[in-house]
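Enquirer: Fold the following.
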Amino acid sequence: MTPASEIQIGRRGADANSAEADAARVRERCRTLGITWHDKAPEVDPQLISLLEPDVAVRVRTVPLKIERGRLVVAMFNPLDVTAADEVATIVKMPVTRTGVEAGAFAELMRRSYGTTAARIAESLAGTTEQAKGESENNVDAIEAADVHRMAEQPTLINLVNLLILEAIQIRASDVHVEPFESIVKIKYRVDGVLIEQPSPPKHLQAALIGRIKIMAMMNIAERYIPQDGHITLRFEGRKVDLRVSTVPTIYGESVVMRILDKNNLPLDLASLGMNEAHRATMDRLIDKPHGLILVTGPTGSGKTTTLYAALTQLYDPRLKILTIEDPVEYELAGVNQIPVNPKRGLTFAIGLRAMLRQDPDVILVGEIRDNETVDIAIRSALTGHLILSTLHTNDAISSIGRLTDMGAEPFLVASVLEGLLAQRLGRRLCAKCRQRTSLTDDMRSRLSQEEEALFVDGPWKPVGCDDCRNSGYRSRVGFFELLKINPRLRAGISKGLSMSDLKPLVGAEFLTMRQDGMSKAQNGMTTIDEVLRATQDVDEIGA
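Expert: Now for the predicted structure:
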């Protein structure tokens, strides 16, 4: 029996895995067997979509197309999956003819056919009696835990929650928000850093909807007045996806946020993150050092951990012992020993870091330097021959020096171990298929310096919208970076305890601020001027 903390919304088998690993081989095998193959999404008879329940269609990755000579013709992600075809035949009670569809076209076909099923299911669940509606709308807190459990186990509600999660994964959302208000429950997906509101389920489903999520996350559904944290593991199209679930009580019920950790969407190389060639070359030299301290800084959600994971992936060598301590471990990295912080059991960053030093490590990643004790151990670890990578919450790169001394680090020790400081922000990346040139507006000109305005003599780029980017004009995100390599003049200034304003002139002429890096990317069509200004508006320009 599948545990409550794991849901199955993808098919995983030998054939499916081989299809994903070698699509060309599967396509050739289909042609050998006489199975029709579509390079583009075929036409669908809309009356046949209801033959398969949405969660079944997604699980077996099959879409009914038409009925031909008493047989149901279906489009399949992997037509060699005979088990899936047999399951469909049993459900629809007629023989099945398999056809194959190219992966991208199949994703579009599935989205068109079942992409709005969460909204449809919510609509169907709305057709309950007015009495039940009134009772649950006005007395959410009065519903007994046993009743919530019973409602949360209804098959249609299970489908609704599964499909909310599925749709979020399909559109590359990073978070799913369930927000209760007085007369409505709002569902929002965060895509490329922006919240997008979805059709709202009926208010009277609130208790059951949140209860179902809590059951899946192994939370206490009877406790509704304190924050809770949970975890869901699911299978989607043959890969593991983790969800971190958080609930907090509000005046109208519990607010739920599910953070989606999908390694398939994690760019594990610095070029994919948007780091330019000069920054990558400098970063390569920094992480190749045998010892020292390298810090990545920025606010929450600026991609610091992803950058560190990319650096570790690049750094990985079987001859090196690499350890991480994180809160929590977001993604599992092959060949790296990862330790989750657990304060309830006494495992803090400082205690874990001390223990890790007895494990004979070469490279250590500390998820975040938060306090005096952790910064002291991290600096002493770097002094004793370890390469330490970690994060800080500061606005720009050079402010990290002051932050370390504020936490009690001696300036001469900071100067001895610090090798590099990387600050970053994230902006939305323009869809390469539909972006267009435009002209500078008066508002844009008023916000740009003369040097920046000169970058856009051919005009800036703007979002348009197409099927590839779901008409948003953007597809994924790109980093804006400033990388400060500690040079001898800076090291001497840090050791003397100079202020930030006195250190800024020592950074060197080759230094680029985040805003400068972002404007260069806007000039090249990777993003827009508005995205750069939005992401970097809280950063002081060095030398200003």
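
Enquirer: use CA for all of it now, contacts and neighbours both
Expert: Fine.

Enquirer: count of neighbours near residue 32?
Expert: 9 (other C-alpha atoms under 10 Å).

Enquirer: Give me the distance between it and residue 26.
Expert: Per C-alpha to C-alpha, to the nearest Å, residue 32 is found 10 Å from residue 26.

Enquirer: can you list the weak-confidence ranges in the stretch 101-250 of the chain?
Expert: Segments of the stretch 101-250 of the chain classed as low confidence (criterion: pLDDT under 70) are 115-155, 237-238.

Enquirer: which non-adjacent residue is nearest residue 367?
Expert: Among residues not flanking residue 367 along the chain, residue 326 sits closest, at 4.4 Å (C-alpha to C-alpha, 6 or more residues apart in numbering).

Enquirer: I'd say that neighbour and residue 338 touch.
Expert: Yes. The pair residue 326 / residue 338 is scored as a contact, 7.5 Å apart, by C-alpha atoms under 8 Å.

Enquirer: The residue nearest to residue 367 and residue 368: what is the separation?
Expert: Distance from residue 326 to residue 368, by C-alpha to C-alpha: 8 Å.

Enquirer: and the gap between the residue of the chain positioned farthest from its centre and residue 94?
Expert: Distance from the centre of the chain peaks at residue 69, with 45.7 Å (C-alpha atoms, centre = their mean). Per C-alpha to C-alpha, residue 69 is found 11 Å from residue 94.

Enquirer: One more: residue 232?
Expert: In this view, residue 232 and residue 94 are 36 Å apart by C-alpha to C-alpha.

Enquirer: Now for residue 301, how many residues are close by?
Expert: 11.

Enquirer: Residues touching the strand or helix carrying residue 190, excluding its own?
Expert: Assessed by DSSP states H and E, residue 190 sits inside strand 185-191. Here strand 185-191 makes contact (C-alpha atoms under 8 Å, 6 or more residues apart in numbering) with 168, 171-180, 195-203, 206, 476.

Enquirer: Among these, which lie within strands?
Expert: 175, 176, 177, 178, 179, 180, 195, 196, 197, 198, 476 (DSSP state E).

Enquirer: from those residues, which is closest to residue 49?
Expert: Checking the ones in strands among the contacts of strand 185-191 against residue 49 with C-alpha to C-alpha, the nearest one is residue 198 at 21.9 Å.

Enquirer: related to what we said a few turns ago, export the ones in strands among the contacts of strand 185-191 to a markdown table and tack on neighbour count and distance to residue 159?
Expert: Output for the ones in strands among the contacts of strand 185-191, formatted as a markdown table (neighbours: other C-alpha atoms under 10 Å; distance: C-alpha to C-alpha, whole Å):
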| residue | neighbour count | distance to residue 159 |
| --- | --- | --- |
| 175 | 22 | 19 |
| 176 | 25 | 16 |
| 177 | 20 | 17 |
| 178 | 19 | 16 |
| 179 | 20 | 19 |
| 180 | 22 | 20 |
| 195 | 16 | 23 |
| 196 | 14 | 21 |
| 197 | 12 | 20 |
| 198 | 14 | 16 |
| 476 | 18 | 28 |
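
Enquirer: so who does the closest residue to residue 67 other than its chain neighbours touch?
Expert: Setting aside the residues directly before and after it, residue 67 is nearest to residue 73 in space (C-alpha to C-alpha, 6+ apart), at 5.9 Å. By C-alpha under 8 Å, 6+ apart, the contact list for residue 73 reads 64, 65, 66, 67, 96, 97, 98, 99.

Enquirer: how much space between the fourth one and residue 31?
Expert: Noted for residue 67: a distance of 22 Å to residue 31, by C-alpha to C-alpha.

Enquirer: So those two - more neighbours on which side?
Expert: residue 67 (16 against 13).

Enquirer: Let me know the secondary structure of that one.
Expert: strand (DSSP: H, G, I helix; E, B strand; the rest coil).

Enquirer: what sits in contact with each of residue 32 and residue 26?
Expert: Joint contacts of residue 32 and residue 26 (C-alpha under 8 Å, 6+ apart) do not exist.

Enquirer: Distance from stretch 45-64 to the middle of the chain?
Expert: Using C-alpha atoms, centre = their mean, to the nearest Å, the mean C-alpha position of stretch 45-64 is found 28 Å from that of the whole chain.

Enquirer: Could you do stretch 212-224 as well?
Expert: On the basis of C-alpha atoms, centre = their mean, stretch 212-224 is displaced by 23 Å from the centre of the chain it belongs to.

Enquirer: Okay, buried residues for it please.
Expert: For stretch 212-224, the neighbour count (16 or more other C-alpha atoms under 10 Å) marks 212, 213, 214, 215, 216, 217, 218, 219, 221, 224 as buried.

Enquirer: element containing the fourth one, please.
Expert: Counting by DSSP H and E, the secondary-structure element that holds residue 215 is helix 206-216.

Enquirer: Next SSE downstream of that helix?
Expert: The first helix or strand that comes after helix 206-216 along the chain, using DSSP H and E, is strand 228-236.

Enquirer: Can you give the strand pairings for that next one, parallel or anti for each?
Expert: According to DSSP bridges, strand 228-236 forms sheet pairs with strand 6-8 (parallel), strand 239-250 (antiparallel).

Enquirer: Dump the C-alpha coordinates for the next helix or strand after the last one into CSV.
Expert: It stands for strand 239-250. Going down the chain from strand 239-250, the next helix or strand is strand 253-261, by DSSP H and E. What follows is strand 253-261, C-alpha atoms only, in CSV (Å, rounded to 0.1, in the frame of the first residue of the first chain):
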residue,chain,number,x,y,z
GLY,A,253,-8.4,29.0,8.8
GLU,A,254,-5.1,27.6,8.0
SER,A,255,-2.9,29.1,5.3
VAL,A,256,-0.9,26.4,3.4
VAL,A,257,2.2,26.8,1.3
MET,A,258,3.7,23.8,-0.6
ARG,A,259,7.3,24.4,-1.8
ILE,A,260,8.0,22.2,-4.9
LEU,A,261,11.5,20.8,-5.0
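
Enquirer: where's strand 253-261 relative to the chain centroid, distance-wise?
Expert: 14 Å.

Enquirer: Can I get the helix or strand just after that strand in PDB, CA atoms only?
Expert: Under the assignment DSSP H and E, the closest C-terminal helix or strand after strand 253-261 is helix 277-287. The C-alpha coordinates for helix 277-287 follow below in PDB (Å, rounded to 0.1, in the frame of the first residue of the first chain):
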ATOM      1  CA  GLU A 277      31.900  33.900 -18.800                       C
ATOM      2  CA  ALA A 278      34.100  36.200 -16.800                       C
ATOM      3  CA  HIS A 279      32.200  35.500 -13.600                       C
ATOM      4  CA  ARG A 280      32.400  31.700 -14.300                       C
ATOM      5  CA  ALA A 281      36.100  31.900 -14.800                       C
ATOM      6  CA  THR A 282      36.600  33.700 -11.500                       C
ATOM      7  CA  MET A 283      34.300  31.300  -9.700                       C
ATOM      8  CA  ASP A 284      36.200  28.300 -11.100                       C
ATOM      9  CA  ARG A 285      39.400  29.700  -9.700                       C
ATOM     10  CA  LEU A 286      37.800  30.400  -6.300                       C
ATOM     11  CA  ILE A 287      36.300  26.900  -5.800                       C
END
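
Enquirer: pLDDT on helix 277-287, on average?
Expert: For helix 277-287, mean pLDDT rounds to 95.
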